[in-house]
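Asks: Using only what follows, build the 3D model:
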Amino acid sequence: MAIPGQRFELNLDAPDFAFTPLEDNAEHDDHSLSAVKEIQEHDTDSVPAAPSLKSSRSGFPEHKRRNVSVFKRNQQASSSRLRPSIPTQVEPSDRAIAHHVSKKYGVDLESQQKADISEENKRRIAEMSIGDIEEARAELMRNLNPAFLERLLKRANIEEDQQEQKQWPQEPGEDHGHDQSDARQDLDLVEDTGVPALPPDGTPSAPSVHFPVPPRSQDDFIPLDPNNPSFFSELRSHYFPDTPHDPSTMTWLQDPTEEETQASLYNPERESFLASALRFGFNGRLIPPKESLEIDVRQGLHHHGDEPSSAGYTIPELAILARSALPNQRCVAYQLLGRILFRLGRGDFGPRGGELQEALWSVIERERPLEVMMAEANRQSGHASTKAHAVEALWLWRKGGGGDRGVLKPGQRFAK
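Replies: Below you'll find the predicted structure:
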């Protein structure tokens, strides 16, 4: 057994891996036993010379071109094999050649080619017998589409008619009275389906071409009184005499007549009103009929609804605006509906179960604006303001306490 720290030599070729102890004072020349030896310094007499650099014109070392690696050379070779070769010289197209020849020599290659093909076809048909022609015609009828063959035959007839007209020009002194009468008879047989009929009142349409007119003098203008009942007619006849217009589209600017006031569903002289005809303001409060006629138009409560002279919005009108394609109209409808639902659920329009409250809930459930606002609030994209107003209206509906009314239950066909 070797002493710890003692050097020995292990014989791996021996069957029992015998080892032989080595003496400490024994000298071994085997360099594998010692990995590190002493470092000996030698004195040198010559001083090493500094490296010499090549001078350049710019004063900076010149770029040394490195050799391309084998991997990169193989990659470039494979990409060059896969890449299609691009011709350096582009040959002119047939259309460019034909244009050049026709411009330089005055020869139309396309028409000449068509004439050559036509002559060749005529020559082949002349060489064929009647049986061969019938056989070829039957083969074409079997293989080609009947509609396509019909178009080809029509085109051939048109070309033949044009050729006959070119071959037989009309003389200038020939009488065309008979031809004009025949053409007039043919025109009478044509049905006019594309031109719309004129309106029954014979109102002329607006001219398509407008020519400038000289300006009118200041003496021709007369002051108009807006309080005059004939203000709108005088305005049109004085400033826009030549402009066509439809009087029915301007009736909303005029005050309602006595007959229209009596027939209005929100007439203050009525003894009872429908729940669908009640009008509300921007704060969700109910507007009385007499006050609705006295509100100034500058407050923004007048609109082009069923009653233009009455201020405010009805629940059916708000339900229509809630389905509008314009986001600003939907925002106004959602905001008003939310405030109306809050006051209705809180009991501002009578106690729960009262006649007015039940009538208003019936109108809401029939017009179904809550389903529209729910669909708007659940949209993943779209107008952000309309979605925010829809969420706010639904929150006011829940906060007012009317969460159990406003939406028909499954299987319920009418309101309570």
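
Asks: how about the strands in the stretch 201-350 of the chain?
Replies: 279-280, 286-287 (DSSP state E, counting those that start in this stretch).

Asks: Confidence-wise, which helix or strand of the protein is lowest on average?
Replies: Across the helices and strands of the chain, mean confidence by mean pLDDT, DSSP states H and E is lowest for helix 177-189: a mean of 48.

Asks: Near the residue lying closest to Pro21 once chain neighbours are set aside, how many other residues are there?
Replies: With CB to CB, 6 or more residues apart in numbering as the criterion, Pro21 has its nearest non-adjacent residue at 5.0 Å, and that residue is Phe8. In short, each C-beta sits where N, CA and C put it, glycine included. By the criterion of other CB atoms under 10 Å, Phe8 has 10 neighbours.

Asks: so where do the helices sit in the stretch 101-250 of the chain?
Replies: Secondary structure of the stretch 101-250 of the chain (DSSP state H, counting those that start in this stretch): helices located at 109-127, 130-143, 146-167, 177-189, 231-239.

Asks: picking that back up, between the strands of the stretch 201-350 of the chain, which gets nearest to Arg95?
Replies: strand 279-280 (72.1 Å; CB to CB).

Asks: Mind giving me the packing neighbours of the closest one?
Replies: strand 286-287 (3 or more CB pairs under 8 Å, 6 or more residues apart in numbering; DSSP states H and E).

Asks: Determine the set of other helices and strands touching the strand it packs on.
Replies: The contact analysis (3+ CB pairs under 8 Å, 6+ apart) places strand 286-287 against strand 279-280.

Asks: Name the residues that touch the strand it packs on?
Replies: Tyr266, Leu286, Ile287, Ser292, Ser310, Ala311, Gly312, Tyr313, Thr314, Ile315, Leu336, Ile340 (CB atoms under 8 Å, 6 or more residues apart in numbering).

Asks: any idea how far that strand is from the chain center?
Replies: 38 Å (CA atoms, centre = their mean, to the nearest Å).

Asks: Same question for stretch 267-287.
Replies: 42 Å.

Asks: quick one: buried residues of it?
Replies: Residues of stretch 267-287 classed as buried by neighbour count (16 or more other CB atoms under 10 Å): Asn267, Ala275, Ser276, Ala277, Leu278, Arg279, Phe280, Gly281, Gly284, Leu286, Ile287.

Asks: pLDDT-wise, what's the bottom of the residues you listed?
Replies: Lowest pLDDT within the buried residues of stretch 267-287 is found at Asn267 (82).

Asks: Wait, that residue touches Pro289, no?
Replies: Yes. The criterion here is CB atoms under 8 Å, and Asn267 meets it with Pro289 at 6.7 Å.

Asks: Of the contacts of strand 279-280, just say which sits nearest to Ser79.
Replies: Leu336 (68.9 Å).

Asks: That closest one - how many residues pack around it?
Replies: Leu336, neighbours per other CB under 10 Å, totals 25.

Asks: hang on, it packs against Arg285?
Replies: No. Taking contacts as CB under 8 Å, Leu336 lies outside contact range of Arg285: 10.6 Å.

Asks: buried sites along the helix or strand hosting Lys387?
Replies: Per DSSP states H and E: Lys387 is located in helix 384-399. For helix 384-399, the neighbour count (16+ other CB under 10 Å) marks Thr386, Lys387, His389, Ala390, Val391, Glu392, Ala393, Leu394, Leu396, Trp397 as buried.

Asks: number of nearby residues for Asn67?
Replies: For Asn67, using other CB under 10 Å, the count is 7.

Asks: measure it to Ser79 for me?
Replies: Using CB to CB, to the nearest Å, we find Asn67 at a distance of 19 Å from Ser79.

Asks: With Glu127 instead?
Replies: 57 Å.

Asks: do Gln218 as well
Replies: Taken as CB to CB, the span from Gln218 to Ser79 is 83 Å.

Asks: The two: who's more crowded?
Replies: It is Ser79, of Gln218 and Ser79, that has more neighbours when counted by other CB under 10 Å, with 9 against 6.

Asks: picking up where we left off before, got the buried residues of helix 384-399 as a markdown table, with pLDDT and distance to His42 columns?
Replies: Output for the buried residues of helix 384-399, formatted as a markdown table (pLDDT from 0 to 100; distance: CB to CB, whole Å):
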| residue | pLDDT | distance to His42 |
| --- | --- | --- |
| Thr386 | 94 | 93 |
| Lys387 | 94 | 90 |
| His389 | 95 | 95 |
| Ala390 | 95 | 95 |
| Val391 | 94 | 92 |
| Glu392 | 95 | 95 |
| Ala393 | 94 | 99 |
| Leu394 | 93 | 97 |
| Leu396 | 92 | 100 |
| Trp397 | 92 | 102 |
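
Asks: out of the residues you listed, who's nearest Leu22?
Replies: Of these, the one sitting nearest to Leu22 (CB to CB) turns out to be Lys387, at 92.8 Å.
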